[in-house]
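Chemist: Give me the fold of what follows.
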Amino acid sequence: MNKDVERILIGEEELDRIVTRLAAEIDCDYKNSERLVLVCILKGSIVFMGDLMKKLTVPCEIDCMKVSSYGAGTATSGNVNIHLDLLRPDIAECDLLIIEDIIDSGNTLSYLVDYLLLKGAKSVRTCTLLDKPSRRKVEFAPDYRGKEIPDEFVVGYGLDYAERYRALPYIGVLSPSVYENA
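Modeler: Numbers count the residues shown, from 1 in each chain. From the prediction side, this is the model:
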């Protein structure tokens, strides 16, 4: 375990079970989709999406967006900024499934669903690995949820603090001493 991680919240085996379950749910719901596109929200979701798409049996394409609602540190700013947009001329033919690492306030995904529907997507759903409903600022429920977690700062499996810890193979609770005086 990394010295900055207080404890492991979700180990590798549990992560695999969660991803397998989510893939089965998505396979069932999208078995008749003509054009499923997984939209990875960079950077934190890339590990999760990679594992998820390997377990899917339905045909799918992938695309990416880079979106943020965090300023410096660990708190959300409440403003959604799109740094890399989804630019597809065929969006009206696509069932978009937004792949997110964690839902906190709900601002980002709530905004993105509306935004992508306004851009003309055939459908838009959301899939998150982790969910912190206790931190919601807007009413939002993901279509697919891996696991509800307590209000703790987590890293690993793609999630980071200051671009560190993404490569950890588990989800761990980051020691507050790492970020409290940063």
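Chemist: Of all residues in this protein, which one is nearest the centre?
Modeler: The structure's the chain has its C-alpha centroid closest to residue 100; by C-alpha atoms, centre = their mean the separation is 1.3 Å.
Chemist: Now do the contacts for it.
Modeler: Shown in contact with residue 100 (C-beta atoms under 8 Å, 6 or more residues apart in numbering): 41, 44, 45, 108, 109, 126, 127, 128, 129, 142. The way it works is simple: take the backbone N, C-alpha and C, and place the C-beta from them, glycine included.
Chemist: Now name the helix or strand holding the last one.
Modeler: In other words, residue 142. Following DSSP states H and E, one finds residue 142 outside all helices and strands.
Chemist: so it makes contact with residue 128?
Modeler: Yes: using C-beta atoms under 8 Å, residue 142 is in contact with residue 128, at 4.6 Å.
Chemist: Compare these two (neighbour count), which wins?
Modeler: The neighbour comparison of residue 142 against residue 128 (other C-beta atoms under 10 Å) goes to residue 128, with 25 against 19.
Chemist: if I've got this straight, that one is in a helix?
Modeler: No: counting by DSSP: H, G, I helix; E, B strand; the rest coil, one finds residue 128 to be strand, located in no helix.
Chemist: my read: it touches residue 102, true?
Modeler: Yes: between residue 128 and residue 102 there is a contact at 6.4 Å, judged by C-beta under 8 Å.
Chemist: quick one: secondary structure of residue 146?
Modeler: Assignment for residue 146 (three-state DSSP): strand.
Chemist: what's the next secondary structure element after the lowest-mean-pLDDT helix or strand in the chain?
Modeler: Ranked by mean pLDDT, DSSP states H and E, the weakest helix or strand in the chain is strand 76-84, scoring a mean of 80. Downstream of strand 76-84, the next assigned helix or strand under DSSP H and E is strand 95-103.
Chemist: Same question for that following strand: list its buried residues.
Modeler: For strand 95-103, a neighbour-count test (16 or more other C-beta atoms under 10 Å) marks 95, 96, 97, 98, 99, 100, 101, 102, 103 as buried.
Chemist: in this structure, what spans have low per-residue confidence?
Modeler: Residue ranges of the chain with pLDDT under 70: 70-78, 182.
Chemist: so who does residue 87 touch?
Modeler: Residue 87 neighbours (C-beta under 8 Å, 6+ apart): none.
Chemist: need the longest helix for this protein.
Modeler: When the chain is parsed with DSSP state H, its longest helix is helix 12-29.
Chemist: what angle separates the helix or strand following that helix from helix 12-29?
Modeler: Downstream of helix 12-29, the next assigned helix or strand under DSSP H and E is strand 36-42. In terms of direction (axes from the mean of the first three to the mean of the last three C-alpha atoms, to 10 degrees), strand 36-42 departs from helix 12-29 by 140 degrees.
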